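K.L.:
Please work out how this folds:
(4 chains)
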There are 2 protein chains.
Amino acid sequence: MADSDTQPSVDKPNRVRTITDLAKIAGVSPGTVSRALSGNSLVNTKTREKIEAIAREHGFRPNQMASKLRRQKTGVIGVAIPLGHDVRQQISDTFFMTLLGHLADELTERGFDIMLRRVIPAQDEDWLDRFIGSGMIDGVIVVGQSDQFDRIEDVADGYLPMVVWGNHQEGQRHCVVGTNNRLGGKLAAEKLIAAGARRLAFLGDTQPIEFAARFAGAKEVAEKMGVSIRALPTHLSRDQTSEEIAEHLSNIEGEIDGIFAATDTIAVTCLKELRDRNINVPAQLKIVGFDDLPISSQTVPPLTTVRQDIAAGAKGLADLLLRRLAGEDTESLVLPPHLIVRDSA
Amino acid sequence: MADSDTQPSVDKPNRVRTITDLAKIAGVSPGTVSRALSGNSLVNTKTREKIEAIAREHGFRPNQMASKLRRQKTGVIGVAIPLGHDVRQQISDTFFMTLLGHLADELTERGFDIMLRRVIPAQDEDWLDRFIGSGMIDGVIVVGQSDQFDRIEDVADGYLPMVVWGNHQEGQRHCVVGTNNRLGGKLAAEKLIAAGARRLAFLGDTQPIEFAARFAGAKEVAEKMGVSIRALPTHLSRDQTSEEIAEHLSNIEGEIDGIFAATDTIAVTCLKELRDRNINVPAQLKIVGFDDLPISSQTVPPLTTVRQDIAAGAKGLADLLLRRLAGEDTESLVLPPHLIVRDSA
DNA sequence: ATGAAAGCGCTAACAT
DNA sequence: ATGTTAGCGCTTTCAT
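P.N.:
Numbers count the residues shown, from 1 in each chain, chains lettered A, B, ... in the order given. As a prediction, the model looks like this:
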C-alpha cells in the first residue's frame, strides 16, 4: 500500500553504502547529506541530526577515495625509507624506527595518515617520482638520504611538499631536517681527547653522508689537536658487524686508545667485543657513540654518546612539511647534538 | 592553418595530467591509453610503445585515486597500532617497531602499500570501524591486541580481511598470529628452576593478555614443581620502569632467586639495576627474558631469553591477510617460542 | 537551507 | 585492436 522504500525500520535494512542511499532514506538530496556529514556549511540543525542519526544507525562512512578524488587532497603523508646501502639494515634499525614512531605521533596528531613505503633505489630508478606522482599523498617525508642525495635534489626543484631527514650540505636545494653531524663528530673527538685518548679511530661506514660528516668533524678536531685518527669501516647489517669489529680490534690491538663509533648500535657491539677480549673501558680504551638510544644508558659501562633529539627531529619534519603544504618554501632545520657523558669515555 | 591542439613538440608542452590529455596527443581514445598503461589487454605493440613514450616524455602517471575509486580496490593494507595501556610505550617499543619493519618488507614485496595508523582507543571509541570503513584500505593488520580484545572480536564477525598480532585464546573469533606465550612462560620457568631457582618472580605488567599468558605458563610450571612465584608489576614506559624495578628489588632483597621478565626490555633494565646493587647474575639471582631482541646478546651477562620469531610472525600476518583478501576464512597461527640459553640463567 | 547538475580521472563493458 | 559510454561516490558551484 504505502511506498515500500521509505520504511525506516525493516528487519534487514538494505545496506547504506553511499551518500545517495542515505539521502533517499532521509528524504533529502545527496548534497545536503554531504554537507551535514562534513559538518561544514549551514545545514538545518534538525536535518543534520536526522542525517547523523541515520548514518550512525547504519554504520555509514563516506567513501574516502571518492572524496579525495573530488577534493584533490588525500590527507595522507607519504613516508619513504630508502634502503640504499644495505637492504637488511635500516628498516629494522632502532634509530629509524624510533624516528618513524615519533613521526607517526606528530602526523597523526595533525590529522594526517601515513603511507609507509620502503624503497630499494637499486631496484627502482624513479621511486621518488612514482611515490609523489601516485596521487595518493599530499606530501612526502624521506627518512634518510642514503645514497640518493642527487635524486632527491632533482625532485626538490619541482615539488615543494617534501622534507628529508638527513645531513645538511652547504647550498643544497632540498629541505632537510637533521642533526649537525659534523659538530657531533667534533664533540665526540673532543671528549675522547679530553679523556686522554691520543690515537683515535672512527668505527663505521664512512659512505653515507651523515656518517661522513661525523667522521669529518672528528678528524678536524683530531688534526687541530695533533692527534691521529683513522677510519675502521664496517657494514650496517648486524650479523656482519660483530665479526668486522672483532677483526678490526685484532688488527689494531694496542694501536688505538679511543674509538668514536658512528652509531650507538655499533658502539654497543664494540663494547661487547672489547669485554670478550678483557679490554677495559674506559681505562685501556675510551669509546663514544652517536644517537643516544635507550640501550645506551644500560650498557656496561654506560655509554658516553652524542645525543640526537629524535622527538624534536620528528616534530621539525612534520612542522616544515605542513608549512610547505601550505605553499611556503621553508629553510632546513639543523638540530644541535648534545654530548651525554656517561662512563665509557 | 593546422589544428592547434595536435602539435607534438611545442617548447613548453602543456602539462599532461590525465589519460585523456595523453589520448589526445597520441591520437587514440582514453580507453586505449588506459589499457596500454596498465599493460593489461591486447593493445597493438606499436600503439603501446607510442603511448608509453609520450607518457615517459611528459612524466605522466595515472591518478591512483581515480583508479582505485573505479576499481574498488586500493592496494593498501592498513596497519593499526592500538596504544591501549600506555600512550608512550608501544610505538617506540623495539619489539613492535621491529615487527612493523618486517611487515613493511613482506607487504611491499607483495605489491601492497602500507597505511600506518596509531590509535589511542581511549580517545577514539570506534577506531577500528573507522579505519576499515574509510574506504582507503583493502584489509587491516592490527599490531597488538592491547586492551581491545572485545572490540576486535566484534568487528571480526563482519569483516574478513583482518589479521591481528597477539595472543590466541581458546575459541576466539578473530584470526591471530602470535607466539605461544603460555608455552614461552613455561619454558622460562623450567629454565629458572633447572638452574636452581626456587623462589620466582614475574616482572612486568600482567594486564595485557600476552603477558598474562606468559605469567600463567610460568605459574603452572612453578606450582607443579612446588616452587613459589609472585608477580611484580611494572608499567611500560621506560622512565618509570627503572624506578619501579629498583623499588621491587629493594622490597624483595634476598626473597627471590629467579626472575622471569615479561620482555627483554624489562630484563635489560633489571640487569642494570642488579649490577648497580652488586647482585651477581646468575650466581645470586637468575633471570630469563622474553623476545630475544638484538640487544639481548650484548648485555652483561648475555641474557637467557625466550625467542619470538618476529620475521616468521610478519610473514604469517601477510600470508594470512592475503588469503583472507581472497575470501578464505583462515585459522590462526600460533608460533612456537624457543628458549635461547645464554648466561643469565 | 536545500536541490540539481556537473564533474574529479579512471576503467570496463559493450560495441565495432 | 580500438572507440564509446556509463559510471565509481563524492563535493561544490549555481540556482532557488
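
K.L.:
which residues sit in contact with A:Lys315?
P.N.:
A:102, A:106 (Cβ atoms under 8 Å, 6 or more residues apart in numbering or on different chains). Where you see a C-beta, it was placed from the backbone N, CA and C, and this is true even at glycine.

K.L.:
Oh, that last question was meant for A:Gly111, not what I typed.
P.N.:
A:Gly111 neighbours (Cβ under 8 Å, 6+ apart): A:Gly75.

K.L.:
ok, now A:Glu331?
P.N.:
Taking Cβ under 8 Å, 6+ apart as the test, what A:Glu331 contacts is A:Cys175.

K.L.:
SS state for it?
P.N.:
coil (DSSP: H, G, I helix; E, B strand; the rest coil).

K.L.:
what does A:Val142 give?
P.N.:
Judged by three-state DSSP, the three-state class of A:Val142 is strand.

K.L.:
Count the neighbours of it for me.
P.N.:
Neighbour count of A:Val142, defined by other Cβ atoms under 10 Å in any protein chain shown: 28.

K.L.:
Identify the residue nearest it in space, chain neighbours excluded?
P.N.:
A:Val164 (4.4 Å; Cβ to Cβ, 6 or more residues apart in numbering or on different chains).

K.L.:
That neighbour bridge partners, please.
P.N.:
Judged by DSSP bridges, the bridge partners of A:Val164 are A:Val142, A:Val176.

K.L.:
what's the burial count for it?
P.N.:
A:Val164 - counted by other Cβ under 10 Å - has 29 other residues nearby.

K.L.:
quick one: contacts for it?
P.N.:
A:141-142, A:145, A:152, A:174-177.

K.L.:
Sketch out the low-pLDDT regions of the stretch 51-200 of chain A for me.
P.N.:
In the predicted model of the stretch 51-200 of chain A, residues A:84-93 satisfy pLDDT under 70.

K.L.:
Where does the residue of it found nearest DNA strand C sit, in terms of helix or strand?
P.N.:
Residue of the stretch 51-200 of chain A nearest DNA strand C, by Cβ to the nearest atom of the strand: A:Arg70 (3.5 Å). In the assignment (DSSP states H and E), A:Arg70 maps to helix A:64-71.

K.L.:
Let me know the distance separating A:Leu335 from A:Asn181.
P.N.:
From A:Leu335 over to A:Asn181 the distance is 10 Å, taken as Cβ to Cβ, to the nearest Å.

K.L.:
one step back: compare the contacts of A:Val164 and tell me which has the most neighbours.
P.N.:
Most surrounded of the contacts of A:Val164: other Cβ under 10 Å gives A:Val142, at 28 neighbours.

K.L.:
check contacts around that residue.
P.N.:
A:80-82, A:128, A:148, A:152, A:162-166.

K.L.:
coming back round to it: out of the contacts of A:Val164, who's nearest chain B?
P.N.:
Nearest to chain B among the contacts of A:Val164: A:Ile141, at 12.1 Å, using Cβ to the nearest Cβ.

K.L.:
what number of residues lie near the residue of the stretch 51-200 of chain A closest to DNA strand C?
P.N.:
Neighbours of A:Arg70 under the rule other Cβ under 10 Å: 11.

K.L.:
go on, A:Ala53?
P.N.:
There are 11 residues near A:Ala53, going by other Cβ under 10 Å.

K.L.:
What residues sit buried inside the helix or strand hosting it?
P.N.:
In this structure, A:Ala53 sits in helix A:45-58 according to DSSP H and E. Neighbour-count burial for helix A:45-58, counted by 16 or more other Cβ atoms under 10 Å in any protein chain shown, picks out A:47-48, A:50-52, A:54-55, A:58.

K.L.:
Can you name every helix or strand that that helix contacts?
P.N.:
Helix A:45-58 is packed against helix A:19-26, helix A:30-37, with contacts defined by 3 or more Cβ pairs under 8 Å, 6 or more residues apart in numbering or on different chains; DSSP states H and E.

K.L.:
list the helices and strands the last one packs on?
P.N.:
Counting contacts by 3+ Cβ pairs under 8 Å, 6+ apart, the secondary-structure elements packed against helix A:30-37 are helix A:19-26, helix A:45-58.

K.L.:
Return the alpha-carbon coordinates of it using CSV.
P.N.:
Coordinates of each C-alpha in helix A:30-37 appear next as CSV, following Å, rounded to 0.1, in the frame of the first residue of the first chain:
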residue,chain,number,x,y,z
PRO,A,30,22.9,13.9,-1.6
GLY,A,31,24.3,17.4,-1.5
THR,A,32,22.7,18.0,1.9
VAL,A,33,23.9,14.8,3.3
SER,A,34,27.4,15.6,2.2
ARG,A,35,27.2,19.0,3.8
ALA,A,36,25.7,17.6,7.0
LEU,A,37,28.3,14.9,7.4
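
K.L.:
Which strands or helices does the helix holding A:Arg70 pack on?
P.N.:
Using 3+ Cβ pairs under 8 Å, 6+ apart, helix A:64-71 sits against helix B:64-71.

K.L.:
partners of the following helix or strand past the helix it packs on, with directions?
P.N.:
Per DSSP H and E, the first helix or strand lying C-terminal to helix B:64-71 is strand B:76-82. Here strand B:76-82 is paired, per DSSP bridges, with strand B:113-119 (parallel), strand B:139-143 (parallel).

K.L.:
quick one, strand B:76-82 and helix B:64-71 angle?
P.N.:
100 degrees (axes from the mean of the first three to the mean of the last three Cα atoms, to 10 degrees).

K.L.:
residues making contact with strand B:76-82?
P.N.:
Applying Cβ under 8 Å, 6+ apart, the external contacts of strand B:76-82 come out as A:104, A:115-116, A:136, B:90-91, B:96, B:100, B:103, B:107, B:112-121, B:127-128, B:131-132, B:134, B:136-146, B:148, B:321.

K.L.:
The same query, at a cut-off of 7 Å, please.
P.N.:
Contacts with strand B:76-82, where a contact means Cβ atoms under 7 Å, 6 or more residues apart in numbering or on different chains, come from B:90-91, B:96, B:100, B:103, B:107, B:112-119, B:121, B:131, B:136-144, B:146, B:148, B:321.

K.L.:
same question, stretch A:51-68
P.N.:
Under the contact criterion Cβ under 7 Å, 6+ apart, stretch A:51-68 has outside partners A:13, A:16, A:19, A:22, A:25-26, A:33, A:36-37, A:74, B:65, B:68-69, B:74, B:129-130, B:133-136.

K.L.:
Quick check: which of the residues you listed are also close to DNA strand D?
P.N.:
Restricting the contacts of stretch A:51-68 to those near DNA strand D by Cβ under 7 Å from any atom of the strand leaves A:19, A:37, B:69.

K.L.:
Can you give me the separation between the second one and DNA strand C?
P.N.:
Computed with Cβ to the nearest atom of the strand, to the nearest Å, the distance linking A:Leu37 and DNA strand C is 12 Å.

K.L.:
quick one: contacts for that residue?
P.N.:
For A:Leu37, the contact set (Cβ under 7 Å, 6+ apart) comprises A:51, A:55, A:62.
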